[in-house]
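# Just to be clear, the model below is a prediction. Sequence and coordinates:
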Amino acid sequence: MIKTKDILTLDELDKKEIIQTIDLAIKLKKDLKKGISKPLLKNKTLAMIFQKPSTRTRISFETGMFQLGGHAINLSSQDLQISRGETIEDTAKTLSRYVDVVMARVYDHSTVEMLAENATIPVINGLSNSYHPCQILADLMTIKEKKGKLDGLHLAWIGDGNNVCNSMMIGCSKVGISMSIATPKEFGPNQSLVKDCKKLVDIDLSQDPQKAAKNADVIVTDTFVSIHDDPKRIKKFLPKYQVNTALMSKAKKSCIFMHCLPAKRDQEVTSSVIDGPQSVVWDEAENRLHSQKALLASLDI
Ligand code: CP
Ligand code: NVA
């Protein structure tokens, strides 16, 4: 069981809780493939609020709730009275009287914080401009499946120091994965978070993707233009920060390539890499389902 009520950044979970959630996710995945599906959330309802589009998050949460014996309601913010000025606080209090858990994908991180403060039920961040905790649970699960361990590995993050990178630093530092992060100077990760995470593992920051990729067990990138970003920023990244076969060759031979998706092919990653033998992106996408089921089953819902 997870002690915290809400999952907003991933920092709410300690190392033991992250490992237990991943191990449960691996078990639920094996069970599902054998046709076993326990109704761990029978008659429970998840409300999903989307201020931004989603493919994986929406479908994996909704399918996950169904497989656990519960159900999910999909709400774009346009469907809610929020669009006509009802406050986040009042929305959180109302939802708490109907449903058992809320997942929200928002612009400002303060919106999920406000939901969490005012809801009496758990609130899960399904991506904000600053964090994407559910993605990192799936990523750590994928790394554990592929490498058989987490502690002692080295992960290179190439490209934008964005929301996914911030939660990646939190997750990796808790489970003992060191990191090298190569980003343009003005697009680095959250500095105070870097400082905190560096207390737990080595994190090297640079503007040098070649150096960052060296000896990596895992190379990860993400879009250079997140949903909330100005598309003009792309010119600061290309061609230097693209993950291509030449960059992959700097890493260990056994290195895997990861990307939370959606990918912009031939921008942050070439098709030769994302479709190549080192890519694990489809397992990573699948693992959103299993890891979120494990998370939902471990929260006090
Ligand atoms: N990785 C991820 O969160 O994908 P979606 O935006 O499709 O939900
Ligand atoms: N960094 C991306 C992740 C999408 C899943 C974004 O925020 O758009």
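Sure, I can see it. Ligands and ions are numbered 1, 2, ... in the order given.
# Spell out which residues of the stretch 51-200 of the chain are next to ligand 1.
Residues of the stretch 51-200 of the chain lying close to ligand 1 by Cβ under 6 Å from any ligand atom are 54, 55, 56, 57, 127, 135. The C-beta positions use only the backbone N, C-alpha and C, and glycine is treated the same way.
# farthest pair in these?
55 and 135 (12.8 Å; Cβ to Cβ).
# wait, is residue 287 part of a helix?
Yes - assessed by DSSP: H, G, I helix; E, B strand; the rest coil, residue 287 belongs to a helix.
# Chain neighbours aside, what residue packs nearest to it?
residue 138 (4.1 Å; Cβ to Cβ, 6 or more residues apart in numbering).
# Just confirm the one you found contacts residue 284, I think it does.
Yes - in this structure residue 138 lies within contact range of residue 284 using Cβ atoms under 8 Å: 6.1 Å.
# so who does residue 159 touch?
With contacts defined as Cβ atoms under 8 Å, 6 or more residues apart in numbering, residue 159 is in contact with 182, 183, 221, 222, 224, 237, 241, 243, 268.
# For the first one, give the beta-bridge partners.
Read it as residue 182. Residue 182 forms beta bridges with residue 158, residue 206, as assigned by DSSP bridges.
# Settle this for me: it is touching residue 155, isn't it.
No - counting by Cβ under 8 Å, residue 182 sits too far from residue 155 to count as a contact (11.9 Å).
# Of those two, which one has the most company?
When residue 182 and residue 155 are compared for neighbours, residue 155 comes out ahead with 27 against 24, by other Cβ atoms under 10 Å.
# Name all residues that make contact with the more buried one.
Here residue 155 is in contact with 143, 168, 172, 177, 178, 179, 180, 216, 217, 218, 219, 220 (criterion: Cβ under 8 Å, 6+ apart).
# Stretch 76-95 spans what distance, first to last residue?
14 Å (Cα to Cα, to the nearest Å).
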